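S.K.: Compute the structure for the input listed below.
(4 chains)
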There are 2 protein chains.
Amino acid sequence: MHKRPRNGSTTAQITATLREEIIAGILPPKAPLRQQALAARFQASRMPVRESLQILAREGLVTWPTGRSARVAPLDPAELREISEMRMIAESLALRLSVPAMSDHDLAHARSLHAAAREADSRQFAALNSAFHQAILAPCNRPRLLAHIEELGKLSQRYLMVAVNDLGYAPRSHDEHSRILAACKARDADQACRLLERHITAASTALLAHLTPLAD
Amino acid sequence: MHKRPRNGSTTAQITATLREEIIAGILPPKAPLRQQALAARFQASRMPVRESLQILAREGLVTWPTGRSARVAPLDPAELREISEMRMIAESLALRLSVPAMSDHDLAHARSLHAAAREADSRQFAALNSAFHQAILAPCNRPRLLAHIEELGKLSQRYLMVAVNDLGYAPRSHDEHSRILAACKARDADQACRLLERHITAASTALLAHLTPLAD
DNA sequence: GTAACCGTAATTGTATCCAATACTCCGAAC
DNA sequence: GTTCGGAGTATTGGATACAATTACGGTTAC
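M.R.: Below is the predicted model:
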């Protein structure tokens, strides 16, 4: 009955599932997230549900005004701009530290992810896109910075889903990734950072232009 | 008995208190934070205590391996370096956006905080130092970026306490603040960012040099 | 149409219980 | 003396039930 065999972490599972569904848009912006309902859905008690909601609220995927229901955070162009600015500086710093530290193995890994993205459908594209960024940044050896970048990536992924589907942005992104990878191979950190910053800016402005007419 | 009159948020109070005590060093690094003990101390149940611990864990002030007791996060020179790097880029971005947006009122506020810091003792110094940074950055109008900077500030404050007390760093910091403020008044964002970056780097390297011999 | 009101429902917090895991301490083997 | 292992305790993760407060929605009165 109440004999959950201490799997790993109930909270972690609930958090991961909700996060995916929010990012994928299955749970639309402003959808209410009621504790009882979620507890029933995941066959858990309210405690792990509340912890999940708190985590997601701190990540920014959920708004949780005290006393009211938690809700999926709304999509806000101003927020996308801010997130993109933050990604730009954070990824640029990470890449600058990463390029001199990249091993041949790291480069090969990035290359293979990049190759896989060429033939991916739009559902896989987001994941491969993230993975590529992670791959070229990870050698910087800054766990906190990388965690920060990953969170920002998840936030922007919500907006990105729209672009890939509606704008067919994948080919352009793939092309920009090629050039960044080449700069990494040439160990040209400055050039790589410049390209990465432009890559993020370009995606952001394209998205903003596409998103602004969508009023909430 | 169990009639807590819905003050506001029990969790928020517990979190704030613990955070202060961790930053101030009252709770030393690696000190265990047991749920029962904290619940008894704050006359609350374990639920708000757990939520507080989770918040602090996500902020980085507490480590909480699943299944074991939460502990005050250890002081780690590598982490200080990383946090300083992140503060540098984040505050630089914020300042660059803030300088053109600063009103005379904003400048006056920063000036008054700066003046107050001159005559502050070392206990007040940390708070005024934070407040000054917040004051010159807030006009950038980027809530998420500012929240990120505030978190980083709290993390570095733990390390800073050592420096102010042991190194007498306050006068130097005050001098650097003067020059940053002057650049803001002159609306020279580039110069202000350069000075701010140097300010953070200088504090970081001084702290690192002082901290490295202190092995855990 | 708007404002006040009331009943329902949702949230916050408490108390208590259970199972599984982590920790501690002490004795035995080397 | 040091290390290894096991029993017993402490602590955590989670469930459940309950109390109290507060938001929400619909109805009614004006």
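S.K.: quick one: low-confidence ranges for chain A?
M.R.: Flagging of chain A using pLDDT under 70 yields the residue ranges A:1-8, A:212-216.
S.K.: how about the longest helix along it: buried residues?
M.R.: Counting residues, the longest helix in chain A under DSSP state H turns out to be helix A:143-167. Residues of helix A:143-167 classed as buried: A:144-146, A:148-149, A:151-164 (neighbour count, 16 or more other CB atoms under 10 Å in any protein chain shown). Every C-beta, even on glycine, is put in place using the N, C-alpha and C of the backbone.
S.K.: That one: how far from the chain's middle?
M.R.: Here the centre of helix A:143-167 is set off from its chain's centre by 3 Å, with CA atoms, centre = their mean, to the nearest Å.
S.K.: and chain B, which of the buried residues of helix A:143-167 contact it?
M.R.: A:144, A:145, A:148 (CB under 8 Å from any CB of the partner chain).
S.K.: just to revisit the earlier point, got the angle between the longest helix of chain A and helix B:143-167?
M.R.: Between the axis of helix A:143-167 and that of helix B:143-167 there is an angle of 170 degrees, by axes from the mean of the first three to the mean of the last three CA atoms, to 10 degrees.
S.K.: which other helices and strands contact helix A:143-167?
M.R.: With contacts taken as 3 or more CB pairs under 8 Å, 6 or more residues apart in numbering or on different chains; DSSP states H and E, helix A:143-167 sits against helix A:10-24, helix A:46-59, helix A:77-98, helix A:122-137, helix A:189-211, helix B:77-98.
S.K.: tell me which strands and helices whichever helix or strand comes after it is in contact with?
M.R.: Counting by DSSP states H and E, the next helix or strand C-terminal to helix A:143-167 is helix A:170-185. Contacting helix A:170-185 under the criterion 3+ CB pairs under 8 Å, 6+ apart are the following elements: helix A:104-118, helix A:122-137, helix A:189-211.
S.K.: can we see that at 10 Å?
M.R.: The helices and strands touching helix A:170-185, judged by 3 or more CB pairs under 10 Å, 6 or more residues apart in numbering or on different chains; DSSP states H and E, are helix A:77-98, helix A:104-118, helix A:122-137, helix A:143-167, helix A:189-211.
S.K.: from the chain's centre, how far out does the last one sit?
M.R.: Between the centre of helix A:189-211 and the centre of its chain there are 15 Å (CA atoms, centre = their mean).
S.K.: Show me what residue of chain A gets nearest to chain B.
M.R.: Distances between chain A and chain B by CB to the nearest CB are smallest at residue A:89, namely 4.4 Å.
S.K.: What's the local residue count around that residue?
M.R.: Here the neighbour count serves as a burial measure; for residue A:89 (other CB atoms under 10 Å in any protein chain shown) it reads 19.
S.K.: Relative to residue A:200, how far out is the residue sitting nearest the centre point of chain A?
M.R.: Central residue check for chain A by CA atoms, centre = their mean: the C-alpha nearest the mean position is that of residue A:154, 2.1 Å away. Plainly put, residue A:154 is 15 Å away from residue A:200 if you go by CB to CB, to the nearest Å.
S.K.: circling back to that earlier point, spatially, what comes nearest to the residue of chain A closest to chain B if we skip its sequence neighbours?
M.R.: Of all residues not flanking residue A:89 in the chain, residue B:89 sits nearest, at 4.4 Å (CB to CB, 6 or more residues apart in numbering or on different chains).
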